[in-house]
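# sequence below, structure please.
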Amino acid sequence: MEQHNEKNQQPGRVVKRRRVRYDRILIALAIVVLIFILFFSCTCSCVKCVCSPSDNADNTKISATEATSEGSTTSNGSTPAETDKNANNGTSTDSAAQSAASLTAKSDDVHRGSLVVVNADNPYTFLSGDTNLVSVEEKRSSSYTADNADVLLDETAVSRLNQFISEFVTVTGKNDVKIESAYRSKEDQDSKYANGSSIFAGGYSDYHTGRSFDICIEPDGMKSYYVPSGDYEWINKNAHKYGFILRYPEGKFDATGVNPRSYTFRYVGLPHSYYMYENDLCLEEYVEKLKSYNSASPLTIDTGDAVWTVFYTELSADGVSAINIPSCQEYSISGDNIGGFIVAYH
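Numbering: from 1, shown residues only. Here you go, the predicted model:
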């Protein structure tokens, strides 16, 4: 019951004291706290928003650390693989193309991604998480076959291979393509080296990447290695549109250390396959060329569907590189297995 000080009351006038409504104060405070939490969560989410990893290239496990202003770059000018890539390699969305972000790449990340160079001078490191190996036989489309269930490739490469060979069958009517000689473990390669069927000891074969494979054809049931003649020439002329390159082209022995092969292909992803094809570059030549392009002066690659910006950055001396990605639709980042990273975005 309310109490009043009668001494201070005037005759004939009733003085009412306002009751303090603590319940209303608590409700108001709760609403303010809720609004603050929602605002903070939205801000954090938006600050870390970055363009989606491209499904055309693998991405290393690069972590987003802090947002940066649009167009900002690292001191050495590139981005690492993969995520991903990826990455995995997700597809771009309109909502993902709003912010820039800073990624952190470590020394191991140099050895991951679809552009790693593996040859006599640069052995593969077999790092966990570089590839997601799957059975081609289990994941393939009906447009081609695999030599057996043990033929393994990175899942992204198989997905793009399905699109690639399906289009080949649609255009040419040929359905006799077979995939073999894909991923090899170090032990598999050592065995081939020991019996003389390969010039590379374990660790030095591009097949270790899970992105290289051989194409055979079986016209009339007679299997032979692929050569670009007749209807089959379509494969050479269109592989780059799906992210594939001829791994050991004619006239590139000095760069690759391997005699030309018409049947060994490698998945490198877009837009890199376009540039290599159009400029007659093997993988080693392409990666070396990219070292002259940094974030301030990048390479531009037009694939017809998009105009990509590509640049290179070396791994920092302390083994940890901060790499800034501007606002974009999608991106891919790959180590080169030598000492740096290649970033592509549009």
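# so which residues of this structure form helices?
22-47, 136-139, 155-172, 186-194, 233-238, 253-256, 272-278, 283-290 (DSSP state H).
# go through stretch 199-207 and flag the buried ones.
Residues Phe200, Gly202, Gly203, Tyr204, Ser205, Asp206, Tyr207 are the ones in stretch 199-207 that count as buried (16 or more other C-beta atoms under 10 Å). For every residue, glycine as well, the C-beta is placed using N, CA and C.
# and if you look at stretch 155-166?
Those would be Glu155, Thr156, Ala157, Val158, Ser159, Arg160, Leu161, Asn162, Phe164, Ile165, Ser166, for stretch 155-166 by 16+ other C-beta under 10 Å.
# just the residues you listed now: which is nearest Phe341?
For these, the residue nearest Phe341 by C-beta to C-beta is Thr156; the value is 18.2 Å.
# surely the closest one and Tyr267 touch.
Yes. With contact defined as C-beta atoms under 8 Å, Thr156 reaches Tyr267; the gap is 7.2 Å.
# ok so, going back, now the buried residues of stretch 155-166 as TSV including pLDDT and distance to Thr131?
Shown next, in TSV, are the buried residues of stretch 155-166 (pLDDT from 0 to 100; distance: C-beta to C-beta, whole Å):
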residue	pLDDT	distance to Thr131
Glu155	97	8
Thr156	97	9
Ala157	98	8
Val158	98	11
Ser159	97	13
Arg160	98	14
Leu161	98	14
Asn162	98	17
Phe164	98	18
Ile165	98	20
Ser166	98	23
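# between those, which is closest to Gln189?
Ala157 (18.7 Å).
# counting neighbours, what do you get for Gly196?
For Gly196, the neighbour count with other C-beta atoms under 10 Å is 7.
# circling back to that earlier point, would you list the buried residues of stretch 199-207 in CSV and tack on pLDDT?
Converted to CSV, those look like this (pLDDT from 0 to 100):
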residue, pLDDT
Phe200, 93
Gly202, 97
Gly203, 97
Tyr204, 98
Ser205, 98
Asp206, 98
Tyr207, 98
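# got TSV for those, with distance to Ala149 too?
Formatted as TSV, the entries for these read as follows, by distance: C-beta to C-beta, whole Å:
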residue	distance to Ala149
Phe200	25
Gly202	23
Gly203	25
Tyr204	26
Ser205	21
Asp206	22
Tyr207	17
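# most widely separated two among those?
Longest span within the buried residues of stretch 199-207, C-beta to C-beta: Gly202 and Asp206, 12.7 Å.
# can you flag the weakest of the helices of the chain by average pLDDT?
Mean pLDDT is lowest for helix 22-47 out of the helices of the chain, coming in at a mean of 59.
# about what we covered before: got the helices of the chain as TSV, with distance to Asp220 columns?
Shown next, in TSV, are these (distance: least, C-beta to C-beta, whole Å):
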stretch	distance to Asp220
helix 22-47	59
helix 136-139	23
helix 155-172	16
helix 186-194	29
helix 233-238	19
helix 253-256	33
helix 272-278	31
helix 283-290	34
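# so for Leu103, which of these sits nearest?
Per C-beta to C-beta, nearest to Leu103 of the helices of the chain: helix 22-47, 13.9 Å.
# picking that back up, what's the closest of the helices of the chain to Val117?
helix 283-290 (5.6 Å).
# just the buried residues of stretch 199-207 now: which is nearest Thr309?
Nearest to Thr309 among those is Asp206, at 27.1 Å by C-beta to C-beta.
# wait, isn't the closest one in contact with Arg247?
Yes. Using C-beta under 8 Å, Asp206 is in contact with Arg247, at 6.1 Å.
# in the sheet, who's paired with Leu246?
Phe265 (DSSP bridges).
# again, but for Tyr345
Thr309, Tyr331.
# show me what contacts it?
Taking C-beta atoms under 8 Å, 6 or more residues apart in numbering, we find Tyr345 in contact with Cys51, Thr79, Trp308, Thr309, Ile325, Pro326, Cys328, Gln329, Glu330, Tyr331, Ser332.
# flag the least confident of those residues.
Least confident by pLDDT among these: that is Thr79, with 33.
# what about the nearest residue to Glu278 once chain neighbours are set aside, neighbour count?
Counting by C-beta to C-beta, 6 or more residues apart in numbering, His240 is the residue found nearest to Glu278 once chain neighbours are left out, at 7.7 Å. His240 is flanked by 21 other residues according to other C-beta under 10 Å.
# on the pLDDT front, check His240 for me.
For His240, pLDDT reads 98.
# so it versus Gln329, what's the distance?
20 Å (C-beta to C-beta, to the nearest Å).
# kindly report the same for Ala322.
From Ala322 to Gln329 the distance is 22 Å (C-beta to C-beta).
# repeat that for Asn238.
With C-beta to C-beta as the criterion, Asn238 and Gln329 are 24 Å apart.
# cool, and Ala255?
32 Å.
# residue contacts, the nearest residue to Gly319 once chain neighbours are set aside?
The shortest distance from Gly319 to any non-neighbouring residue, by C-beta to C-beta, 6+ apart, is to Ser107 (4.1 Å). For Ser107, the contacting residues are Leu315, Gly319, Val320, by C-beta under 8 Å, 6+ apart.
# can you say which of the residues you listed are buried?
The buried subset of the contacts of Ser107 (16+ other C-beta under 10 Å) comprises Leu315.
# can you list the contacts of Ser107 in TSV and add distance to Ser224?
Shown next, in TSV, are the contacts of Ser107 (distance: C-beta to C-beta, whole Å):
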residue	distance to Ser224
Leu315	43
Gly319	47
Val320	49
